[in-house]
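Participant: dropping the sequence and predicted coords here.
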Amino acid sequence: MTDKNPPFEFEAALTELEQLVVRMENGDLSLEDSLRAFEQGIGLTRQCQQALSAAEQRVQLLLEQNGQSVAQPFATGEE
């Protein structure tokens, strides 16, 4: 059985989005290619936003104790 929708990989999508931006900023694309790249970029952006939202929800669930959100200090590694 083949999977029509392979698993979404956030880092790969972000890298692809960055490459699209570079190509568009170079100004070497035709109008039609620019529109295609823009459309693809919008799709990648939406996928990334959904993945980040899902990750945020998972973090919130992990931080909840007895149904109550518990504030946790954010460690930056600089301490």
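Facilitator: Sure thing, it's come through.
Participant: report the separation between Thr15 and Leu44.
Facilitator: 10 Å (C-beta to C-beta, to the nearest Å). For glycine as for every other residue, the C-beta is placed from the backbone atoms N, C-alpha and C.
Participant: who's more crowded, those two?
Facilitator: Leu44 (18 against 12; other C-beta atoms under 10 Å).
Participant: any idea how far the residue sitting nearest the centre point of the chain is from Asn26?
Facilitator: Ranked by distance to the mean C-alpha position of the chain (C-alpha atoms, centre = their mean), the top residue is Cys48 at 2.0 Å. As judged by C-beta to C-beta, Cys48 and Asn26 stand 22 Å apart.
Participant: over to Arg36?
Facilitator: For Arg36, the distance to Asn26 - C-beta to C-beta - is 15 Å.
Participant: among the two, which residue is more densely surrounded?
Facilitator: Neighbour count, other C-beta under 10 Å: between Arg36 and Asn26, Arg36 has more, with 13 against 8.
Participant: and the more buried one, what's its pLDDT?
Facilitator: At Arg36, the pLDDT value in this model is 96.
Participant: what's whichever strand or helix holds it packed up against?
Facilitator: Using DSSP states H and E, Arg36 sits within helix 31-63. Here helix 31-63 touches helix 10-26, going by 3 or more C-beta pairs under 8 Å, 6 or more residues apart in numbering; DSSP states H and E.
Participant: what's the angle from the helix it packs on to helix 31-63?
Facilitator: 150 degrees (axes from the mean of the first three to the mean of the last three C-alpha atoms, to 10 degrees).
Participant: take helix 10-26, keep the C-alpha atoms, and write them as PDB.
Facilitator: What follows is helix 10-26, C-alpha atoms only, in PDB (Å, rounded to 0.1, in the frame of the first residue of the first chain):
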ATOM      1  CA  PHE A  10       9.100  20.700   8.700                       C
ATOM      2  CA  GLU A  11      12.900  21.300   8.200                       C
ATOM      3  CA  ALA A  12      12.700  20.100   4.600                       C
ATOM      4  CA  ALA A  13       9.800  22.400   3.900                       C
ATOM      5  CA  LEU A  14      11.500  25.300   5.500                       C
ATOM      6  CA  THR A  15      14.600  24.700   3.500                       C
ATOM      7  CA  GLU A  16      12.600  24.600   0.300                       C
ATOM      8  CA  LEU A  17      10.800  27.800   1.200                       C
ATOM      9  CA  GLU A  18      14.100  29.500   1.800                       C
ATOM     10  CA  GLN A  19      15.400  28.300  -1.600                       C
ATOM     11  CA  LEU A  20      12.200  29.700  -3.300                       C
ATOM     12  CA  VAL A  21      12.700  33.100  -1.700                       C
ATOM     13  CA  VAL A  22      16.300  33.200  -2.900                       C
ATOM     14  CA  ARG A  23      15.200  32.300  -6.500                       C
ATOM     15  CA  MET A  24      12.500  35.000  -6.400                       C
ATOM     16  CA  GLU A  25      14.800  37.600  -4.900                       C
ATOM     17  CA  ASN A  26      17.400  37.000  -7.700                       C
END
